[in-house]
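Chemist: Have a look at this prediction, sequence included:
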Amino acid sequence: MQRYIDETIRFSKALNLTSVKNADEFEQRFIAPSVALCRWLPEYGVVLDVGSGMGVPGIPILLQQRSLQGVLVERRKKRAEFLRHIVRLLDIDASVHDCDIRDLQGVQADVCVARAVSKPEALLPMIETHMVANARAVLPVPATLHANDVPGWQLETVEGVHVGELHQRIHCYRRLGVSRET
């Protein structure tokens with residue numbers, strides 16, 4: 001995990017990854033909240049991280065839970081190249097796709113995570129063709145965001161999470177119906 005933090009800070013200015021330059025602050029703001037999501041993830045399966053950016057929450061999850069396979073989707077090519085570098089460097093079982101989630105082909109995931117991408121009612125319709133039946137979406141959202149119904153998805157859990165100074169909610173949705181091939 002420390003190597004991931006160091007590499008992200010090292011490449012941060014050139015790729016505009018984050019304004020955080022201190023490893024401890026990076027751990028508090030990005031690593032701990034990402035790892036906290038593992039509580040809602042399966043032990044095995046495919047995790048789709050939409051809008052991976054600098055790799056949060058996907059990379060910390062995959063480092064914490066090595067039995068998972070990752071699919072990191074980041075439409076900005078330079079950031080996707082950074083993610084490929086991290087995946088190779090840290091020997092993470094993940095593929096990186098530099099495209100918009102709506103253009104992703106051939107992926108079927110068991111769980112989706114996304115941080116600061118979109119409200120669940122906008123994101124969930126975009127990912128559903130990439131999710132197996134009964135897949136789960138585990139979405140950290142601002143503590144003030146209320147959960148809404150989303151067609152094709154059942155809201156299972158809304159839970160407040162406090163990780164250090166960070167207060168957020170986790171909205172967990174379960175995909176209904178049958179898997180559709182992409």
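Modeler: Sure, I can see it.
Chemist: show me where pLDDT drops low in this protein?
Modeler: 178-182 (pLDDT under 70).
Chemist: same thing but 80
Modeler: 116-118, 164-166, 177-182 (pLDDT under 80).
Chemist: What ranges does it have for its helices?
Modeler: In the chain, the helices defined using DSSP state H lie at 2-15, 23-26, 32-36, 58-64, 77-89, 120-127.
Chemist: Tell me which of the ones you listed sits nearest to I170.
Modeler: Closest to I170 of the helices of the chain is helix 32-36 (Cβ to Cβ; 8.2 Å). The way it works is simple: take the backbone N, C-alpha and C, and place the C-beta from them, glycine included.
Chemist: Which positions within the closest one qualify as buried?
Modeler: Neighbour-count burial for helix 32-36, counted by 16 or more other Cβ atoms under 10 Å, picks out P33, S34, V35, A36.
Chemist: Dump the C-alpha coordinates for stretch 157-171 into CSV.
Modeler: Only the C-alpha atoms of stretch 157-171 are listed here, as CSV (Å, rounded to 0.1, in the frame of the first residue of the first chain):
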residue,chain,number,x,y,z
THR,A,157,-28.2,-0.8,2.6
VAL,A,158,-27.7,2.8,3.5
GLU,A,159,-25.1,3.1,6.2
GLY,A,160,-23.1,5.9,7.7
VAL,A,161,-19.4,5.4,7.9
HIS,A,162,-16.9,7.4,9.8
VAL,A,163,-13.2,6.9,8.8
GLY,A,164,-11.1,9.3,10.7
GLU,A,165,-12.4,12.8,9.9
LEU,A,166,-14.4,11.5,6.9
HIS,A,167,-18.1,11.1,7.3
GLN,A,168,-19.9,9.5,4.3
ARG,A,169,-22.7,7.1,3.5
ILE,A,170,-22.5,3.8,1.7
HIS,A,171,-25.4,3.1,-0.6
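Chemist: Not counting it itself, show me its contacts.
Modeler: In this structure, residues lying in contact with stretch 157-171 by Cβ atoms under 8 Å, 6 or more residues apart in numbering are 28-29, 32-33, 36-37, 40, 120, 137-143, 145, 147, 155, 172.
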